[in-house]
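Novice: Requesting a structural model of the entry that follows:
(chains A and B)
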Amino acid sequence: MSKDQFEYVLRAGDDALILGQQLGLLTGHGPVIEEDIALTNIGLDQIGQARAWLSLAGRLEHAASSELTLRDEDALTFLRDAPEFCNCLLVERPNGDFGDTIARQFLYDNYAVLWLEAMTASSNDEMAGIAAKSVKEARYHLQHSSRWVLRLGDGTTESHSRMQASLGRMWPYVNELFDVDELTTRAASEGWGVDPSKLRSAWDAGVNAVLAEATLSRPDDDFSMRGGRTGSHTEAFGFMLAEMQFLQRAYPDCNW
Amino acid sequence: MGAGAEDTAALEAQLFAYLENIPDPEIPVLNIVEMGIVRGVVVSPQSVLVTITPTYMGCPAMDFIAEDVVRVVSGAPDFNGRTVEVKLVYSPAWTTDWLSQDARNRLEEYGISPPDRSVRGPKRCPHCHAPDTKLVSEFGSTACKAHYRCLSCDEPFEHFKCL
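Specialist: This is a model prediction of the structure:
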């Protein structure tokens, strides 16, 4: 069970970590100072959540097979290669223009709030505790990204068309969030995890309401990209990882 | 060295009092005990365990706070060379409800609008006490604050968000 729990918690940690890294890349590049601070603050929350999940993942892995060296949050972050990461593809989409950053955040935040809320009922106390703490932050992120979707969608002709285009670019990565596999099935049936497919209708309702108010149309293209959960990542991922891991790879265990 | 239950309880209370000397690194007008960051102090004959919880998950001040805790605890009289462990916990999740009225008053005097569940956003400008304020940014200089401006005196100020 610990090995299952390790892999499951690793997914949550990788989602938070990769989104946090992407948002961190915007430091000093936000369109206005307030938004620069907002995006990097959200990124900081994501990194904080990632630390909690990854630290737990390392302990669960160690509990499952004690002959393995304990991997802490840093080892899991800096010393794994791309195929070992199991984040959803949505969070690794490049920051693109501001509309892409907001569309990615909005679609993810809607999922994160629901997933974390469900995880507060986990039979594993540590998972439930991290989820209860994280969901408070995720709700605030959702409020922020929803306001931007409204502002841009129901803004000027230019902002509307660009927000719509960004939504279309991120849409193929939505279905993967709700994919069920053997791991999520065992996690849900054993009571410590969540069946992601059960979150879909609430996600649809939340997203549809904001899109309607923002005068945006919901993309009807059902084409889906998948593979993140099993380590198949998009082209942009390796470049991002190279930047994220360079220092620890070049100077192992460096400190300052 | 007597290590009876009475001595242990007395030392725990004493250590709590010492920890009240550690200011929050970002909000120095409050200390880490009244912020609700220190969750517990447990003394045994050989060791001291201090549990702390972050206000926000990514709060970068936690590492500094943990260092301060080790420094203060190990420097306390009657500490007698015990080992100190600082443990980070996430549950129960930190909430602004743990801030006392006194702490809220001092926050306002310091220029930060305190959290208040009875209103959405700040109750009043911490400088001139006028009620009309405007949100500038949902995110401020630290994760726990948002940025506002007073519509009466025009001064910008930070608001400690309800969490």
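Novice: Show the backbone phi and psi for the most centrally placed residue in chain B.
Specialist: What sits nearest the mean C-alpha location of chain B, by CA atoms, centre = their mean, is B:Met35, with 2.3 Å. Per-residue torsions, B:Met35: phi -70, psi -20 (degrees, to the nearest 10).
Novice: Which residue, other than its chain neighbours, is closest to it?
Specialist: B:Asp24 (5.2 Å; CB to CB, 6 or more residues apart in numbering or on different chains). Placement of C-beta: from N, CA and C, glycine included.
Novice: Repeat that for A:Ala38.
Specialist: Using CB to CB, 6+ apart, the nearest residue to A:Ala38 is B:Phe139, at 4.1 Å.
Novice: and that neighbour, what does it touch?
Specialist: A:34, A:37-38, A:41-42, A:144, B:146-147 (CB atoms under 8 Å, 6 or more residues apart in numbering or on different chains).
Novice: With distance to A:Glu190 and neighbour count added, can I get those residues in JSON lines?
Specialist: Formatted as JSON lines, the contacts of B:Phe139 follow (distance: CB to CB, whole Å; neighbours: other CB atoms under 10 Å in any protein chain shown):
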{"residue": "A:Glu34", "distance to A:Glu190": "44", "neighbour count": "16"}
{"residue": "A:Ile37", "distance to A:Glu190": "41", "neighbour count": "18"}
{"residue": "A:Ala38", "distance to A:Glu190": "38", "neighbour count": "24"}
{"residue": "A:Asn41", "distance to A:Glu190": "35", "neighbour count": "26"}
{"residue": "A:Ile42", "distance to A:Glu190": "32", "neighbour count": "27"}
{"residue": "A:His144", "distance to A:Glu190": "35", "neighbour count": "21"}
{"residue": "B:Ala146", "distance to A:Glu190": "40", "neighbour count": "20"}
{"residue": "B:His147", "distance to A:Glu190": "44", "neighbour count": "18"}
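Novice: Run through the residues that contact B:Lys161.
Specialist: A:140, B:96, B:115, B:144-146.
Novice: From the residues you listed, which land in helices?
Specialist: Judged by DSSP state H, helices contain the following of the contacts of B:Lys161: A:Tyr140.
Novice: just curious, which of the contacts of B:Lys161 is nearest to A:Thr120?
Specialist: When those are ranked by distance to A:Thr120 (CB to CB), A:Tyr140 comes first, at 16.3 Å.
Novice: Can you pull the residues of chain B lying near chain A?
Specialist: Chain B has residues B:54, B:56-60, B:89-94, B:136-141, B:143, B:147, B:161, B:163 near chain A, with proximity defined as CB under 8 Å from any CB of the partner chain.
Novice: what sits against A:Asn87?
Specialist: A:11, A:14-15, A:17-19, A:228.
Novice: Please work out which residues outside the lengthiest helix in chain B touch it.
Specialist: In chain B, taking DSSP H as the definition, the longest helix is helix B:5-19. For helix B:5-19, contacts defined as CB under 8 Å, 6+ apart pick out B:31-33, B:38, B:41-44, B:48, B:50, B:69, B:72-73, B:76, B:78.
Novice: still on that earlier bit, apply the buried test to the residues of chain B next to chain A and list what passes.
Specialist: B:54, B:56-59, B:89-91, B:93-94, B:136-140, B:143, B:147, B:161, B:163 (16 or more other CB atoms under 10 Å in any protein chain shown).
Novice: Please narrow these to those residing in strands.
Specialist: B:136-137, B:147 (DSSP state E).
Novice: and which of those is nearest to A:Pro172?
Specialist: B:Ser137 (32.0 Å).
Novice: Find the helix or strand that the closest residue to the closest one other than its chain neighbours is a member of.
Specialist: The shortest distance from B:Ser137 to any non-neighbouring residue, by CB to CB, 6+ apart, is to A:Glu34 (3.7 Å). For A:Glu34, the element it lies in under DSSP states H and E is helix A:33-64.
Novice: Give the buried residues for that helix.
Specialist: A:34-62.
Novice: now it, how far from the centre of its chain.
Specialist: 10 Å (CA atoms, centre = their mean, to the nearest Å).
Novice: swap in stretch B:60-74?
Specialist: Distance, centroid of stretch B:60-74 to centroid of chain: 13 Å (CA atoms, centre = their mean).
Novice: got the buried residues for it?
Specialist: Those would be B:61-62, B:65-66, B:68-70, B:72-73, for stretch B:60-74 by 16+ other CB under 10 Å.
Novice: Tell me, how many residues neighbour the residue nearest to B:Gln46 when sequence neighbours are not counted?
Specialist: Once flanking residues are discounted, B:Gln46 sits nearest to B:Arg82: 5.8 Å by CB to CB, 6+ apart. Neighbour count for B:Arg82, taken as other CB atoms under 10 Å in any protein chain shown: 18.
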